[in-house]
Structure formats: structure tokens, C-alpha cells
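Chemist: Provided below are the primary sequence and the corresponding predicted coordinates.
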Amino acid sequence: MKNRLNKIVGSIFGFIEVEKPLYPLLFFRLGLSLICFGKFFVLYSNYLNFYGQYGLIQWTISKLSNYSFLPHIGDFAFLSSKYFHLSADKSAELILQLFFCTCVFLFLGLFTRVVSIICFFLHLTFINTGNGIIYGVDVFTQLSLFYAMFFPLSSAWSLDALIGISKIKEKSVAAGISIRVIQIQLCIVYLSTGIEKCFGEQWLNGEAIWRTLMMPIFKNYNFYWISDFPYIPYFLGIIVLIIELGYAFFMWQKNIRGFWLFLIISLHFNIGLLMGMWYFAFIMIFLSVFAFGDDVISDINCYKLNRVLKRINAVPGTS
């Protein structure tokens, strides 16, 4: 029994502690930086309307509706006014400017670990202050910033490596663990989402697709003609369920994960196209490509190598 248990534990650690190349971490750092830049530019023109003292959700309300120990722009404004005599709006704007600076440093890979931590808490401040206006993209951005604090991002072609703070490596176990964490996280997310949708009738009878396409907030195109073809939303709803439920299983299969990655990219691309949720679509595509992109590339290279070897062996006198 003890030997069997040790074998199971060894298999688990063998699965997690795998050596992987570091170039996906460069992709993760740059992609996450661009996502944070996107957050900055989206907020820039109407920042105080969303996060100001008297914005859509006033600080007194957002402060009381969340845990008191979480960072809040109101707390920062109080300290700024007390020690630096800054107004509430100036303090709020300073938070946004500091967030932009950390995004620049993260993109360049300069003091990567420190700026990842700062960026995490600044973004958490936005979420906590504007808790009534956040949605999925904010959650996944925060989740990615959490992982960025622990991933060896500075080892992947960064200014930290250039000035000697860290060393550039081609492969490492730390990179493998980082990729495995995101892989497992995404599989849990898609599997739980698919199971939850299956418990309701709206995704099984196509009503969810119909309502989504008809909602004014998402209505970028005229889809009233679909009412004459009710089997289309029904078919699309089933396809979404198959893609999400199959993600946790088929993304681990060498012969099919490339196709499933294409399906999940197509799913989120169409969410961006039809619903206008490009920001959410981008971060979900970004995470899936980071998690399984290297495996798909390896599968393609192995397939090409096997084809070359078959051609060589087919030539007389080369066996």
C-alpha cells in the first residue's frame, strides 16, 4: 500500500515538475503587459467617472460592500491628503499613473518580480473600488497577475537578465511548473463552466444563444432572421458545451489538442466579433495559447519529423 501511494505521489510530481522552454513565459509577460495597457487606455478618458470619489459607485459604498483589509483608492486618497496634501481626484489619478508605469516595467522585464507584485495590488485596488462594474476579464487579469508574482518571468529575455539581476535559460523546471499551473487552471475553469451550463435548459435548447444575440448591449448585428431557423441557436449551444467540456480532456491528447486549441480560439474570437467583448476574448485566447501553444508546436514538429523519416525510409537503400 505504501509503495503504491509513493508511486502515485511520484507520478503526480513527475507530471507537474516537467522541464519546459522559457519562451512561453516571454509570451506571458508581454501579453499580460498588453492586457494591462489595454485596461489603462480603456479607463484613461473616463477614469474619475468610474473610480473617482463620486463616480458610478461612490467610495463610501464600495468601501462598505467589500472586505476592509483589501486595498481601496479611498484609503490611498486619505493617506495622500494627510501626508502630501493631494486632493481625492489627484490621488486617484496617481494610482492610474503608477499602474501605467508598472505595466511599462513589466513589459520590459525590469525589476520584474517587484513590479509584478505592485501591479497585482494596483489592479486589485481597481477591482475592490469598482466592484460593481467588474466582469470576467478583470478576474482573469487579476488571476494572471497573481501567477506573475511567482513565475520566473525575468529569466525570459528581460532587462533583468541584461543587467545581471537574473539569468537567461532555455529550459527550466520552474517554467514547466508555471505552464502546468495555467493548464490545470484553465481545464478546471472550462470543465466547471460546461458542467454548470449543462444543469440548465437555456444552453441545451439554444435559448442562451438566442438571448445573447438579441440583447441590446451585445447587439452588433441583426440576427432576427434566426427566429426562422430555431435549430441554429440550438446547434450552436450544443457546440459551445462540447468545446468547453472537451477542453479538459482533449487538450491533453497529442493528436487532437491542436484542433481543440483552434476550436477554443474560434469560440472566443466569435464572442469578440458577435458580442463586442474583444478584451475578454483576447485574454482567454492569450491564456490558452500560453498554456498549450508550446505543446501544439511540439506536436506539429514531431508530425513533420515523422513524415520526413518515413520518406527517408521509403527510399531504397536508406533503411
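Modeler: In hand now; what should we look at?
Chemist: low-scoring stretches of this structure, by residue?
Modeler: For the chain, the stretches flagged by pLDDT under 70 are 2, 314-319.
Chemist: tell me what the top helix by length along it is packed against?
Modeler: Using DSSP state H, we find that the single longest helix of the chain is helix 278-314. Judged by 3 or more Cβ pairs under 8 Å, 6 or more residues apart in numbering; DSSP states H and E, the packing partners of helix 278-314 are helix 23-44, helix 136-148, helix 173-198, helix 257-275. To be clear about C-beta, it is placed using only N, CA and C from the backbone, and glycine gets the same treatment.
Chemist: please repeat the previous calculation with a cut-off of 10 Å.
Modeler: If you count contacts as 3 or more Cβ pairs under 10 Å, 6 or more residues apart in numbering; DSSP states H and E, helix 278-314 packs onto strand 20-21, helix 23-44, helix 136-148, helix 173-198, helix 257-275.
Chemist: need the residues that contact the following helix or strand past the third one.
Modeler: Towards the C-terminus, the helix or strand next in line after helix 136-148, according to DSSP states H and E, is helix 159-162. With contacts defined as Cβ atoms under 10 Å, 6 or more residues apart in numbering, helix 159-162 is touched by 105, 107-113, 153-155, 165-169.
Chemist: who wins on neighbours among these?
Modeler: Among those, L153 has the most neighbours (other Cβ atoms under 10 Å), with 29 neighbours.
Chemist: need the contact list for that residue.
Modeler: Shown in contact with L153 (Cβ under 10 Å, 6+ apart): 22, 25-26, 28-30, 32-33, 106, 109, 112-113, 115-116, 147, 160, 166, 175, 178.
Chemist: which members of the contacts of helix 159-162 occur in helices, if any?
Modeler: Using DSSP H, the subset of these located in helices is F105, F107, L108, T112, R113.
Chemist: leaving out sequence neighbours, find the closest residue to the fourth one.
Modeler: Counting by Cβ to Cβ, 6 or more residues apart in numbering, T112 lies nearest to S154, which is 3.9 Å off, once chain neighbours are set aside.
Chemist: ditto for the second one
Modeler: The shortest distance from F107 to any non-neighbouring residue, by Cβ to Cβ, 6+ apart, is to S33 (3.7 Å).
Chemist: state the distance from that neighbour to L159.
Modeler: The gap separating S33 from L159 is 13 Å, by Cβ to Cβ, to the nearest Å.
Chemist: those two: who's more crowded?
Modeler: The neighbour comparison of S33 against L159 (other Cβ under 10 Å) goes to S33, with 22 against 16.
Chemist: wait, the more buried one sits on F99?
Modeler: No: contact criterion Cβ atoms under 10 Å: S33 and F99 do not qualify, at 11.6 Å.
Chemist: what do these two both touch?
Modeler: Common neighbours of S33 and F99 (Cβ under 10 Å, 6+ apart) are C119.
Chemist: just to revisit the earlier point, could you check how far the residue nearest to T112 is from I168?
Modeler: Distance of S154 to I168, given as Cβ to Cβ: 9 Å.
Chemist: and what of G176?
Modeler: Counting by Cβ to Cβ, the gap from G176 to I168 is 17 Å.
Chemist: same thing with Q253?
Modeler: Q253 sits 33 Å away from I168 when distances are taken as Cβ to Cβ.
Chemist: repeat for I297
Modeler: From I297 to I168 the distance is 20 Å (Cβ to Cβ).
Chemist: re earlier: in the longest helix of the chain, which residues are buried?
Modeler: 279-296, 299 (16 or more other Cβ atoms under 10 Å).
Chemist: one more: stretch 231-251?
Modeler: 232-234, 236-237, 240-241, 243-248, 250-251.
Chemist: between those residues, which is nearest R4?
Modeler: Nearest to R4 among those is A248, at 25.7 Å by Cβ to Cβ.
Chemist: what about that closest one, which helix or strand?
Modeler: Under the criterion of DSSP H and E, A248 resides in helix 231-250.
Chemist: centre of the chain versus that helix, how much separation?
Modeler: The gap between where helix 231-250 is centred and where its chain is centred comes out at 21 Å by Cα atoms, centre = their mean, to the nearest Å.
Chemist: helices or strands next to that helix in the packing?
Modeler: Contacts defined by 3+ Cβ pairs under 10 Å, 6+ apart place helix 231-250 against helix 173-198, helix 207-214, helix 257-275.
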